[in-house]
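Participant: the following block contains a protein sequence and its predicted model.
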Amino acid sequence: MIDARKPLRVLVSEGSSTSGREAVTILGAAGHHVEVCDPSRWCLARYSRFVRKFHHCPGLRTDPAGFLRFVEHLLASQHFDVLLPTHEQGFLFARAEARLKPRVGFALPDFASYRAVHSKAGFSRLLDRLGLPQPPTRIVTSLDELREATRFPSVVKTSIGTASRGVWIVRDAGDLNLALYDLQASGDIGGELLVQDLVTGTTEKAQSVFCRGELLGFHAYRQVTAGVGGGEAVKESVSRPAIRGYLEAIGAHLNWHGALSVDVIMPLDSPTPLLIDCNPRLVEPMNAYRAGTDLVDLLLRLSLGETPAPLAESRAGVRTHLALQALLGSASRDGTRRDVIRECGRIAAGKDPYQGSTEELTPMRLDWPGAVPLAMTVALLLVSPQLASSLARGGFGAHLLDAASIRTIESEGFC
């Protein structure tokens, strides 16, 4: 058996997401040999001294079969100890487990379990079966049903979507008409849609790693400041035993193996956390790492066939930030050039809300090339703060799935 404490050769399945970029930092700081494949030649992970080699590959969304063949060729032509799916590539790898397992180690559940939580409708049904709390939810299959099921205020979601794609806040008839127009224009009405009552509260996230249904690592954090698209710009780790219990129930029911993350609303009028979304992967693991819980290392050990001991609870009160998200968020909220400059000053000086916080996405002291995308973003926002939304959409690329690519992967005879 390979020793996970020695340097490993790790192939990271994409380099465009913030989760993938943070995993690269953690892997590189531990001394592992890291290579990345991505359909974008200028993905975030390109700007890291820890990436030994970059592989330009077909897009998961546009050509899932070509992407799989590309990864198989890499694994056949050179040695890797671990394949680390940091985003939706896990859906494909779980489907193709029989083809990949003889070549490399990775930690994923069986495909049926993965599918059960990958779609928002599937996750909602699972919560109902397990008796776990979520906002009042209706699942519909047409725009007419959506009109009838919506009561204001609500959140409308497509069943498939990540990084806040396919989500509309509907407070009145005008918002509903806009959501209906967007859905019709995008073609996202072919599958299921969710309508959830809008719950007022704070957003939190929890991350976990399981070994065949047993929870080995857990971490939770709250959003201190929102970035662009509602993502976290500043986070703070928290202790959440109730949410840990929810994840234990989900993981045990699905015999989960690998990483599993959930989004949670902490209602202002109730002490009961409500589960609102699930990601069958590890989401932005750096806050957990800074709080003493190295979930990436845990995944490496599972990938190598080990059964690691459960990790101790992470420290609460650890604050981290993503400067890139903070600047894009500041500009997207009708910000001006002066607002962007002021935000840069707060980040550099460590003023509230950045006091006592460390950078998690582009840690320049540890990984100096990370300054490049940050500097480029600042320059573009100073030219035009209105570019914030389009810059953020640049992360919604071919490394992600859509309904068509999911149908292709699920189809009989794909593997």
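Facilitator: Sure thing, it's come through.

Participant: and Phe54, what element?
Facilitator: strand 51-56 (DSSP states H and E).

Participant: one more: Ser113?
Facilitator: Assigned by DSSP H and E, Ser113 belongs to helix 111-118.

Participant: quick check: buried residues in that helix?
Facilitator: For helix 111-118, the neighbour count (16 or more other C-beta atoms under 10 Å) marks 111, 113-118 as buried. For the C-beta atoms, the positions are set from N, CA and C on the backbone; glycine is no exception.

Participant: now the two most distant members of the residues you listed.
Facilitator: Maximum pairwise distance in these, criterion C-beta to C-beta, is 11.8 Å, between Phe111 and Val117.

Participant: circling back: if you average pLDDT over the helix holding Ser113, what comes out?
Facilitator: For helix 111-118, mean pLDDT is 96.

Participant: next helix or strand past that helix?
Facilitator: helix 120-130.

Participant: ok, residues contacting that next one?
Facilitator: Residues from elsewhere that reach helix 120-130 (C-beta atoms under 8 Å, 6 or more residues apart in numbering): 115-117, 133-134, 137, 139, 157-161, 191-192, 194, 249-250, 253-254, 275, 277-278.

Participant: and with 7 Å instead?
Facilitator: Residues from elsewhere that reach helix 120-130, judged by C-beta atoms under 7 Å, 6 or more residues apart in numbering: 115-117, 134, 137, 139, 157, 159, 192, 194, 249-250, 253, 275, 277-278.

Participant: closest to Arg365 among these?
Facilitator: The shortest approach to Arg365 among the contacts of helix 120-130 belongs to Asp277, at 33.2 Å (C-beta to C-beta).

Participant: distance of that closest one from Thr158?
Facilitator: Asp277 sits 12 Å away from Thr158, going by C-beta to C-beta, to the nearest Å.

Participant: please apply the same query to Gly356.
Facilitator: Gly356 is 38 Å from Thr158, by C-beta to C-beta.

Participant: so between these two, which is more surrounded?
Facilitator: More crowded of Gly356 and Thr158, by other C-beta atoms under 10 Å: Thr158, with 24 against 12.

Participant: now the more buried one. Its backbone dihedrals?
Facilitator: Backbone torsions of Thr158, given as degrees, to the nearest 10, read phi -70, psi 150.

Participant: for the helix or strand that contains Asp297, the averaged confidence score.
Facilitator: Assigned by DSSP H and E, Asp297 belongs to helix 295-303. Averaged across helix 295-303, the pLDDT comes to 97.

Participant: for Ser208, list each beta-bridge partner.
Facilitator: Phe218, Leu260 (DSSP bridges).

Participant: run a quick neighbour tally on it.
Facilitator: Other residues lying near Ser208 total 27 when counted by other C-beta under 10 Å.

Participant: over to the one 4 residues further on?
Facilitator: Neighbourhood size, Arg212 [other C-beta under 10 Å]: 14.

Participant: and if you look at Lys53?
Facilitator: 12.

Participant: for the closest residue to it other than its chain neighbours, helix, strand, or coil?
Facilitator: Excluding its sequence neighbours, the residue lying closest to Lys53 (C-beta to C-beta, 6 or more residues apart in numbering) is Glu35, at 4.5 Å. Following DSSP: H, G, I helix; E, B strand; the rest coil, the label given to Glu35 is strand.

Participant: check contacts around the residue nearest to Ala96 when sequence neighbours are not counted.
Facilitator: Once flanking residues are discounted, Ala96 sits nearest to Cys415: 4.9 Å by C-beta to C-beta, 6+ apart. By C-beta under 7 Å, 6+ apart, the contact set of Cys415 is 95-96, 98-99.

Participant: flag every buried residue along the least confident helix or strand in the chain by mean pLDDT.
Facilitator: Ranked by mean pLDDT, DSSP states H and E, the weakest helix or strand in the chain is helix 388-393, scoring a mean of 74. Going by neighbour count (16+ other C-beta under 10 Å), the buried part of helix 388-393 is 388, 391-392.

Participant: just stretch 58-73 next, same as before
Facilitator: 58-61, 63-64, 67-68, 70-71.

Participant: and the furthest pair within those?
Facilitator: The largest separation in these, counting by C-beta to C-beta, is between Arg61 and Val71 at 15.0 Å.

Participant: what separates Ala206 from Ser239, distance-wise?
Facilitator: According to C-beta to C-beta, Ala206 and Ser239 sit 11 Å apart.

Participant: please identify which of those two sits among more neighbours.
Facilitator: Taking neighbours as other C-beta under 10 Å, Ala206 and Ser239 compare with Ala206 leading, 23 against 14.

Participant: can I assume that one is in contact with Leu247?
Facilitator: Yes: between Ala206 and Leu247 there is a contact under C-beta atoms under 7 Å: 6.3 Å.

Participant: Ala326 contacts Ala233, doesn't it?
Facilitator: Yes: with contact defined as C-beta under 7 Å, Ala326 counts as touching Ala233 (3.9 Å).

Participant: which neighbours do the two share?
Facilitator: In contact with both Ala326 and Ala233: 225, 227, using C-beta under 7 Å, 6+ apart.

Participant: so what angle separates the directions of the helix or strand Val262 falls within and helix 295-303?
Facilitator: In this assignment (DSSP H and E), Val262 forms part of strand 258-267. Here the directions of strand 258-267 and helix 295-303 differ by 140 degrees (axes from the mean of the first three to the mean of the last three C-alpha atoms, to 10 degrees).

Participant: among the contacts of Cys415, the buried ones, what's the PyMOL command?
Facilitator: With 16+ other C-beta under 10 Å as the burial test, the buried ones among the contacts of Cys415 are selected in PyMOL as follows:
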select buried, resi 95+96
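
Participant: quick one: average confidence on stretch 220-236?
Facilitator: 91.

Participant: name the residues that touch that stretch?
Facilitator: 164, 202-206, 237-238, 240, 243, 287, 317-322, 325-326, 328-329, 332, 353-354, 357, 388-389, 392.

Participant: from those residues, which would you call buried?
Facilitator: 204-206, 237-238, 240, 243, 287, 318-322, 325-326, 328-329, 332, 353-354, 357, 388, 392.
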